[in-house]
Structures are given as C-alpha cells and as structure tokens.
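> Quick one, fold the following:
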Amino acid sequence: MAFPSNNQFTPFIINGSHVFDVLGDESPTDTNLVGNSSFPAVFFAYDGTNIYFRLRLNSDPRNCKLTAFDNFAWGVLINTRVRQALMIGYLMLTGCKII
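Model (predicted):
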C-alpha cells in the first residue's frame, strides 16, 4: 500500500492505556516524544507486509531547509515472545546534517 493515511494508524496500547510520555523530559524539543491519554504518543499501521510507526514529537523534526530530518535519532524497540523465545528488534531513523 501507499504510505498509510492518518486514519489507518492505530495508537499503541499497553496495559489498557495509550502510550504517552511526559512533556519536556528530552532536549531539544524535536527529539521529545509527547502525548497524553487523549493524544497518544505512538502509533502504528500494518499492511500485511510493512509496518509503519508514527511518533508524536514536541516540534518539527525536519532540518531548517525541510529537506531531511535533523541530526538526531528516533527509535522503536520491538520486544515480543515467539515460540518461547524472546525476539528483540530495534528500528532506528537517523537524521543527517545538512550544511
């Protein structure tokens, strides 16, 4: 499928609650994951082949030219049990410095 539309993303829920984070605990603001019970911080979409993640950040993570992400990293840790074995994966998006 094409990149999912807004309504195709589902909020992550852990122990019956949306995943959220405290405002202002990371700096700079474009690395600060934010949200609350009304506005979740983490979403996903799955099309049967690809999984997509959306993170709610405190500010725009793009560089000043709006051509790439800032020179920071954002990650998603995947921790699940499959056939009694612990499977761990880590997805990382790393921005690049544009001069």
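> Mind listing residues that contact stretch 26-38?
17-21, 23-25, 41-42, 55-61, 70, 72, 74 (CB atoms under 8 Å, 6 or more residues apart in numbering). The way it works is simple: take the backbone N, C-alpha and C, and place the C-beta from them, glycine included.
> Just the CA atoms of it, as CSV, please.
Extracted as CSV, the C-alpha positions of stretch 26-38 are listed here (Å, rounded to 0.1, in the frame of the first residue of the first chain):
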residue,chain,number,x,y,z
GLU,A,26,14.1,15.5,26.4
SER,A,27,16.0,18.2,24.7
PRO,A,28,15.9,19.5,22.0
THR,A,29,12.2,19.6,21.5
ASP,A,30,12.2,17.8,18.2
THR,A,31,13.5,14.7,20.0
ASN,A,32,10.9,14.9,22.8
LEU,A,33,8.2,12.3,22.5
VAL,A,34,4.9,13.8,23.8
GLY,A,35,1.3,12.8,24.3
ASN,A,36,-1.3,12.0,26.9
SER,A,37,-4.3,9.8,27.2
SER,A,38,-6.3,11.9,24.7
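> what's the average pLDDT for it?
The average pLDDT for stretch 26-38 rounds to 83.
> buried sites along it?
Within stretch 26-38, the residues scored as buried using 16 or more other CB atoms under 10 Å are Glu26, Asp30, Thr31, Asn32, Leu33, Val34, Gly35.
> hmm, back to that, filter the contacts of stretch 26-38 to the buried ones?
Buried subset of the contacts of stretch 26-38 (neighbour count, 16+ other CB under 10 Å): 18-21, 41-42, 55-58, 61, 70, 74.
> Farthest-apart pair in the residues you listed, please.
Farthest-apart pair in these is His18 and Asp70; separation 25.8 Å (CB to CB).
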